[in-house]
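Engineer: how would this look folded up:
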Amino acid sequence: MTTTYPPGLPAVPDDAWNTEPLGDLGIDQPEEGPATAVSRHAVDAESAEQAELRLLAYVSWGTSPGADLRGMTAKAIEELRTGRWSVELRVPGEY
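Structural biologist: Now for the predicted structure:
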């Protein structure tokens, strides 16, 4: 499943679900449509859907007010270990 911003996002706790970047995967530049920055993150969560929502909340929480996050998506890729997920973040824009 892919989750698109902005759903009903949860509040970000002090530990921010131990979210950490795993890597920048570069810019996806399709022949048509906007370029998309792609990155991978690790997030503590009980399910793929929860990991996606948590990453979107974390990015939204840590982004400057007024930043255009419309079209941002998160997709859980794999469970790294029990309760820890790898999630791909895609943010369309001009890069």
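
Engineer: drop to CA atoms for contacts and neighbour counts, all remaining ones
Structural biologist: OK.

Engineer: what about the strands in the protein?
Structural biologist: 2-4, 20-28, 35-44, 73-81, 84-93 (DSSP state E).

Engineer: Listing partners with orientation, what would you give for the helix or strand of the chain with the lowest mean pLDDT?
Structural biologist: Ranked by mean pLDDT, DSSP states H and E, the helix or strand of the chain with the weakest confidence is strand 2-4, at a mean of 73. Strand pairing for strand 2-4, using DSSP bridges, gives strand 73-81 (antiparallel).

Engineer: send the alpha carbons of the strand it pairs with over as CSV?
Structural biologist: C-alpha atoms of strand 73-81 as CSV (Å, rounded to 0.1, in the frame of the first residue of the first chain):
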residue,chain,number,x,y,z
THR,A,73,4.0,9.5,-0.5
ALA,A,74,5.4,6.9,1.8
LYS,A,75,5.6,3.2,0.9
ALA,A,76,6.7,0.5,3.4
ILE,A,77,9.3,-1.6,1.6
GLU,A,78,10.2,-4.3,4.2
GLU,A,79,10.2,-5.1,7.9
LEU,A,80,13.9,-4.8,8.9
ARG,A,81,13.2,-6.6,12.1
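
Engineer: circling back to that earlier point, using TSV, lay out the strands of the chain together with distance to Val59.
Structural biologist: Formatted as TSV, these follow (distance: least, Cα to Cα, whole Å):
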stretch	distance to Val59
strand 2-4	12
strand 20-28	11
strand 35-44	11
strand 73-81	10
strand 84-93	9
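
Engineer: Kindly reformat those as JSON lines containing mean neighbour count.
Structural biologist: Below are those laid out as JSON lines (neighbours: other Cα atoms under 10 Å):
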{"stretch": "strand 2-4", "mean neighbour count": "17"}
{"stretch": "strand 20-28", "mean neighbour count": "13"}
{"stretch": "strand 35-44", "mean neighbour count": "20"}
{"stretch": "strand 73-81", "mean neighbour count": "19"}
{"stretch": "strand 84-93", "mean neighbour count": "22"}
